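S.K.: Sequence first, predicted coordinates after that:
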Amino acid sequence: MAKTHVTMKVNGAEVEGLVEPRTLLVHFIRENLQLTGTHIGCETTHCGACTVDIDGMSVKSCTVFAVQADGSDIITIEGMANADGTPSALQEGFRMMHGLQCGFCTPGMIVRAHRLLKENPSPSEPEIRMGISGNICRCTGYQNIVKAIQYASAKINGVEFQEAAE
Amino acid sequence: MNDLTPTREQRTAALEGMGCKRKRVEDIRFTQGRGNYVDDIKLPGMLHGDFVRSPHPHARVTKIDDSEALKVPGVLAVITAETLKTVNLAWMPTLAGDVQMVLADGKVLFQNQEVAFVVATDRYAADDGINKVIVEYEPLPPLVDPFKAMDADAPVLREDLVGKMSGAHGPRKHNNHIFEWMVGDKDLTDAAFRKAEVSIKEMISYHRTHPSPLETCQCVCSFDKIKGELTIYGTFQAPHVIRTVVALIAKIPEHKIHVIAPDIGGGFGNKVGAYPGYICAAVASIVTGKPVKWVEDRIENLTATSFARDYHMTTEIAATKDGKVTGLRVHVLADHGAFDACADPSKWPAGFFNIVTGSYDFPTAHLAVDGVYTNKAPGGVAYRCSFRVTEAAYCIERAMDILAQKLNMDPAELRLKNFIKPEQFPYHSALGWEYDSGDYHTAMRKMMETTGYAALRKEQAEKRAAFARGETRDIMGLGVSFFTEIVGAGPSKNCDILGIAMFDSCEIRMHPTGAGIARVGSKSQGQGHETTWAQIIATEIGIPADNIMVEEGNTDTAPYGLGTYGSRSTPVAGAAIAMAARKIKAKAQMIAAYKLEVHEDDLEFDIDGFRVRGLPEKFMSMKDICWAAYNSVPPGMEPGLEAVSYYDPPNMTYPFGAYLCVMDIDVDTGVYNVRRFYALDDCGTRINPMIIEGQIHGGLTEAFAIAMGQEIRYDEVGNVVTGSFMDFFMPTAVETPHWETDFTVTPSPHHPIGAKGVGESPNVGGVPAFSNAVNDAFSFLGSKHIQMPHDFWRNWKAAKDLGAVA
């Protein structure tokens, strides 16, 4: 099948590649760029394990063709750390609040939460729950993911994180 | 001593041992996208395999033509049953003593069954190839309803078994019958029912569902022709068992098989068994001489690998008028699908379903289970539960509520009246188990007090009166559940898989500088073993958990273990870890005695080293002992500080818990609101309370999903209609309730650290709590039992059938 040349910015670096028109973005990211933190869980846009940030929006990369992302600016989980390489507030929050278990949904969840906090730096619990409702987690029951995002929100806003009473 | 000398509390805290909320080691890589899951593995020259699957639930395969497929660019091979027959692998043994087609051999027996395996240079080319394989089918009548499986005119599914009227578990009554399993005293139980003042009988179904971890089943097989060695990277909950199964069926010497389970994205029972994809990828690698990857997609996962449940339980309880139970009689019709691929210990065709007497002192009980074949996917795995324990807990917990309703008693009071009493432990159940420890009354009362149970009942009565007056359209239900699990399979006297006793193992090597590695036969799929196993060792030998690396999943380096499922890791591997650590400690004590020039009996262990009794200043830390082990051991002692333990548990462990669900249902829409969910768990000694709480949150969420909608459903002609996350209920953060957790601690008397296991309790106890809440809500309208799952439509339908909705 004829291949198309695509260029995009991924985690701040210019990348390029030859892809078939049908090549899914998630496969381009995982297999051509070898950034395997972005996962595939359902192939039907339900689970969100493949979530990446494209031009400031959370996008499920399993149902986008690589050619559709030509020229775009993408951030994956590998680009989530602070500039100095230390874990971001979200990455830290997920660990501190036990917001993950098997880790398979975690990259998509963190990438989604990153955009959520950009859009709404101090979300309420219902706003967090609605904000991550495109991402399925099979292990945690979400309660500690909510706390992880609240932890990150507090840290980003420079306020002390207060864990809600049970 | 001076201000800089750490206190005992500081020394203990520095270890991050048992009982502390140690943050997880795994999370550092997982939060940065640096996990290493099977699909992340990319070997040089690696090919991709994918399946042609059957659109029919039951059909003869009359022709497979791969000629056009082989012309597709990138397609290298098409493997069929005929190919596999040349290496005697067209069929494979199942864990349950049956055989299963790897690829369709003459006929197909369920929709989406594996028919041919296309091998290509990438996953897209494999898919192109699949579309060009022409398969001709001659449809046969499908058998979907398990209650019709043993009808005289039922279609014969397993032609390979015609005339074989005896299977792995005894006689077969019909061509579609797999086994009959009976436990208990039938005569005594029948007599109890004849004498009963009150009895109830209900057919309680636990629908077919699926574990569906977020990462599907997958593998990469790489055969090295020069060395004759096969390496398999796979999503395996039990890597050593996979190695042995491959050795037995592929006739490759076991030392030339390397099975590696890297990071696993959830298991929940789905990744215990062996699937056609593994066999086909291995054969494809042998045929092509290149590594071959097989990755299941979600539709394949939901429709072809390992369903769970599908138990139809006719349940009877005999009791006195004042609510004392006198007998339990259960018959189960178990739908196993097309092949009996249940992942149970080999001698247990219905798992440990005979825990069905639950937490109650039944003087007598009788259980019979009939397994049947239908045109559905094979499986029968324990989806976040010990083998068939969640079915048993659901059965007895629903039945107790039905009895309470008949007696007009409060369901919590009925349970309190019938609990096994603390002084009865170890308790011998009517169906053959020895419960190790429990204090059910305390747990139940704590639940009732904490939740304000009496006030909730009062509120419910007021709501019902208001509903009757037409002032509200909401009905309120209280779902009580008190479960006893049976986990930690298991003792070699009654538990094995394909003849291998279900022990587990640990090897610890301490290095000279006071750090070490522990290799364990279990395999984490999210449970956090790298964190918690190190905590056990830290407390046992006084080396900080941060200095212990835990490794699992590589069969070349880990000692043989039976893997992680059925909440067996802490009860079995956890015990092996403690026992191996104690061997290290015993040798360390001898070294310390030599270095401190005292008799070893004069030493006592003190948090992180050995101290001479009566001479507190004479102390040698474990760190220093590690160094001494490599340069100045006592004469005659071998240097080094290593130990291995294989632990054969003397008994199972019996975690328990008291749960309450408070739910409101709008009868006009069927929409429910879980107002409150309280879960009290007793898992014995608690290793890491943070991880326990996380496990309970997750298990409750899975229980919520199952009870309220998650179902694998077939239509009447055998089409599976729940093949994606569009149709298969996966709760998001929006639907998922808030969880309240609590605990009591009743240690297991026979476990080295008193721990019982916890990961599956919330699923086992949670499902009946949700279902009892729905049933309790509707009970005042005249209903006795409403089948799961309780989705909005079914709730609305129940309200309509009961006349509550016009």
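M.R.: Good, I have the coordinates.
S.K.: Chain A contacts on the stretch 1-150 of chain B?
M.R.: With Cβ under 8 Å from any Cβ of the partner chain as the criterion, the stretch 1-150 of chain B meets chain A at residues B:23-24, B:26-35, B:37, B:39-40, B:42, B:123-124. In short, each C-beta sits where N, CA and C put it, glycine included.
S.K.: helix/strand/coil for B:Lys566?
M.R.: Small correction: residue B:566 is Gly, not Lys. Under DSSP: H, G, I helix; E, B strand; the rest coil, B:Gly566 falls in the coil class.
S.K.: pretty sure it is touching B:Ile486, no?
M.R.: No: contact criterion Cβ atoms under 8 Å: B:Gly566 and B:Ile486 do not qualify, at 9.1 Å.
S.K.: shared neighbours, those two?
M.R.: Taking Cβ atoms under 8 Å, 6 or more residues apart in numbering or on different chains as the contact rule, B:Gly566 and B:Ile486 both touch B:Ser386.
S.K.: Next, the contact list for B:Thr701, please.
M.R.: By Cβ under 8 Å, 6+ apart, the residues touching B:Thr701 are A:Thr140, A:Gly141, A:Tyr142, B:Pro731, B:Thr736, B:Trp739.
S.K.: where does the fourth one land in three-state SS?
M.R.: I take that to be B:Pro731. coil.
S.K.: How about it, nearest residue that isn't a chain neighbour?
M.R.: B:Ala705 (5.1 Å; Cβ to Cβ, 6 or more residues apart in numbering or on different chains).
S.K.: which phi and psi does the one you found have?
M.R.: phi -60, psi -50 (degrees, to the nearest 10).
S.K.: isn't it right up against B:Thr732?
M.R.: No: with contacts counted by Cβ under 8 Å, B:Ala705 stays clear of B:Thr732, the gap being 10.5 Å.
S.K.: quick revisit: could you identify the buried members of the residues of the stretch 1-150 of chain B next to chain A?
M.R.: Among these, those classed as buried by 16 or more other Cβ atoms under 10 Å in any protein chain shown are B:23-24, B:26-27, B:30-35, B:37, B:39-40, B:123-124.
S.K.: mind listing which of those residues are in helices?
M.R.: Among these, DSSP state H puts B:Asp27, B:Phe30, B:Arg123, B:Tyr124 in helices.
S.K.: returning to that earlier point: between the contacts of B:Thr701, which is closest to B:Gly106?
M.R.: Relative to B:Gly106, the closest of the contacts of B:Thr701 is B:Pro731; by Cβ to Cβ it sits at 41.4 Å.
S.K.: Just to check, that closest one is in contact with B:Phe704?
M.R.: Yes: counting by Cβ under 8 Å, B:Pro731 touches B:Phe704, with 6.1 Å between them.
S.K.: Comparing these two, which residue is more hemmed in?
M.R.: For B:Pro731 versus B:Phe704, the count of surrounding residues by other Cβ atoms under 10 Å in any protein chain shown is larger for B:Phe704: 27 against 21.
S.K.: I'd like the next helix or strand past the strand or helix carrying the more buried one.
M.R.: Element membership for B:Phe704 (DSSP states H and E) is helix B:689-708. Later in the chain than helix B:689-708, the nearest helix or strand by DSSP H and E is strand B:740-743.
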